[in-house]
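Colleague: here are the coordinates; sequence isn't available:
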């Protein structure tokens, strides 16, 4: 982008919800807030649920019908999670529009991008592998008559084609970029912009901890791999303690697994902890673990730890290598390899001073490479390239 380009654009965000629900909504809110503060008017078109007053703060206009577009008169549209294919196609063919691809919905029948039986990460485009690995069989919702439902590759390819009509797609990692290109999206349309939230700039750097305390922060769902972390912990031969923060539909399974592995006295399940009180847990940790089974679209939780001076041990899954440099800011284990994960955690535990040095390097890496203001600048550049 030409640095003298001072254009101000009116941006209409399109998303399912208009309330804080998870990481996607936080990124949307932070993006709109930053653009608004830069003088760019913002609006939000949503399709379900009620509008949260707190979520509406950065938007001049909000609404759940197409009349909002005419009233706001946007220069560009920025789509987020939109499941209606017809809506995506209409917007893509009518307005200068881009999309932030927050996860694998655009290309994956199961949305998780790992095989249901082997649980290995899928590095194939939508096609015959979706059938041979049984990815077309989905769990039904709670109100469904049958416990399973089916989805076709043809339907998924319609989703892909509707998104290829957009002028630009924004992803959080190189892995996500390769995923879209592999599925036929024009490579010049895909922009890698690491989604750094506003609050990351406010994280307090913590004094290093020499304790042999291991920390996990995140959802406790199958794709996040907490069960893999527990299996790896059971292989460790040195002294350690672990705290697992979060909740989710895999929590009870992981609690039973910890008991079965004889880890009850060494693993604490702390439940949900608000952002402010997380600092104390990070302050006590020698390192954090990101044991993801699914390919992380980016993996912001690891960057959050690094910004506080805490190194990370993680699997080589999805976008994790974009921010985790092996033996420089943390340690990377082969995807899904429990023994490799245990080995890397053991290296951290055996040399706490080295772990502290890795944490300090991780903190500097975040300060230099993963900044919210840089993220906003790149978003603005892509938006200006649409018109």
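Modeller: Received it, and whenever you're ready, just let me know what you need. Quick caveat: nothing in here was measured; it's all calculated off a predicted structure.
Colleague: domains of this structure?
Modeller: When the chain is parsed into structural domains using automatic domain parsing, the resulting residue ranges are 11-106+154-198+372-384, 203-369.
Colleague: which helices and strands does the longest helix belonging to the chain pack with?
Modeller: Of all the segments assigned as helix in the chain under DSSP state H, the longest by residue count is helix 352-369. Helices and strands in packing contact with helix 352-369 are listed as strand 287-290, helix 300-307, helix 320-323, strand 330-333, helix 338-350; criterion 3 or more Cβ pairs under 8 Å, 6 or more residues apart in numbering; DSSP states H and E. Heads up, the C-betas are built off the backbone N, CA and C, glycines and all.
Colleague: between the last one and helix 352-369, how many degrees?
Modeller: Read it as helix 338-350. For helix 338-350 and helix 352-369, the angle between their directions (axes from the mean of the first three to the mean of the last three Cα atoms, to 10 degrees) works out to 100 degrees.
Colleague: would you mark the buried spots in helix 338-350?
Modeller: Of the residues in helix 338-350, those buried under the neighbour-count criterion (16 or more other Cβ atoms under 10 Å) are 338, 340, 341, 342, 343, 344, 345, 346, 348, 349.
Colleague: related to what we said a few turns ago, for residue 134, find the nearest of the domains of the chain.
Modeller: Nearest of the domains of the chain to residue 134, taken as Cβ to Cβ: domain 11-106+154-198+372-384 at 14.8 Å.
Colleague: quick check: mean pLDDT of that closest one?
Modeller: The average pLDDT for domain 11-106+154-198+372-384 rounds to 96.
Colleague: same thing with stretch 342-356?
Modeller: The predicted confidence, averaged over stretch 342-356, sits at 97.
Colleague: pull the residues that contact it.
Modeller: With contact meaning Cβ atoms under 8 Å, 6 or more residues apart in numbering, stretch 342-356 is reached by 208-212, 214, 232-233, 235-240, 286-287, 289, 311, 313, 331-333, 358.
Colleague: just the buried residues of those.
Modeller: Of the members of the contacts of stretch 342-356, the ones counted as buried by neighbours, 16+ other Cβ under 10 Å, are 208-209, 212, 214, 232-233, 236, 240, 286-287, 289, 311, 313, 331-333, 358.
Colleague: ok, and the closest non-adjacent residue to residue 314?
Modeller: Nearest non-adjacent residue to residue 314, counting by Cβ to Cβ, 6 or more residues apart in numbering: residue 290, 3.6 Å away.
Colleague: quick check: the gap between that neighbour and residue 317.
Modeller: 8 Å (Cβ to Cβ, to the nearest Å).
Colleague: so what sits against both of those two?
Modeller: Among the neighbours of residue 290, those also in contact with residue 317 (Cβ under 8 Å, 6+ apart) are residue 296.
Colleague: how many residues are close by the closest residue to residue 261 other than its chain neighbours?
Modeller: Distance criterion Cβ to Cβ, 6+ apart; nearest residue to residue 261, sequence neighbours excluded, is residue 234 at 4.3 Å. For residue 234, the count of nearby residues is 17 (other Cβ atoms under 10 Å).
Colleague: list the contacts of residue 234.
Modeller: Contacts were defined as Cβ under 8 Å, 6+ apart; by that measure residue 234 touches 261, 262, 263.
Colleague: quick check: the gap between the first one and residue 291.
Modeller: What that stands for is residue 261. The span separating residue 261 from residue 291 equals 15 Å under the rule Cβ to Cβ.
Colleague: who has more neighbours, the two?
Modeller: For residue 261 versus residue 291, the count of surrounding residues by other Cβ under 10 Å is larger for residue 291: 25 against 16.
Colleague: is it correct that that one is in contact with residue 337?
Modeller: No - taking contacts as Cβ atoms under 8 Å, residue 291 lies outside contact range of residue 337: 10.6 Å.
Colleague: shared neighbours of those two, anything?
Modeller: Overlap between the neighbourhoods of residue 291 and residue 337 consists of residue 315, taking contacts as Cβ under 8 Å, 6+ apart.
Colleague: quick one: end-to-end length of stretch 294-308, please.
Modeller: When the termini of stretch 294-308 are compared using Cα to Cα, to the nearest Å, they are 25 Å apart.
Colleague: tell me how far that stretch lies from the chain's centre.
Modeller: Between the mean C-alpha point of stretch 294-308 and the mean C-alpha point of its chain there is a distance of 8 Å (Cα atoms, centre = their mean, to the nearest Å).
Colleague: let's test this: mean pLDDT of it, rounded?
Modeller: 95.
Colleague: list the buried ones in that stretch?
Modeller: Under the neighbour-count criterion of 16+ other Cβ under 10 Å, stretch 294-308 has 294-308 buried.
Colleague: same check on stretch 177-194?
Modeller: Result for stretch 177-194 [16+ other Cβ under 10 Å]: buried residues 177, 179, 180, 181, 183, 185, 189, 190, 191, 192, 193, 194.
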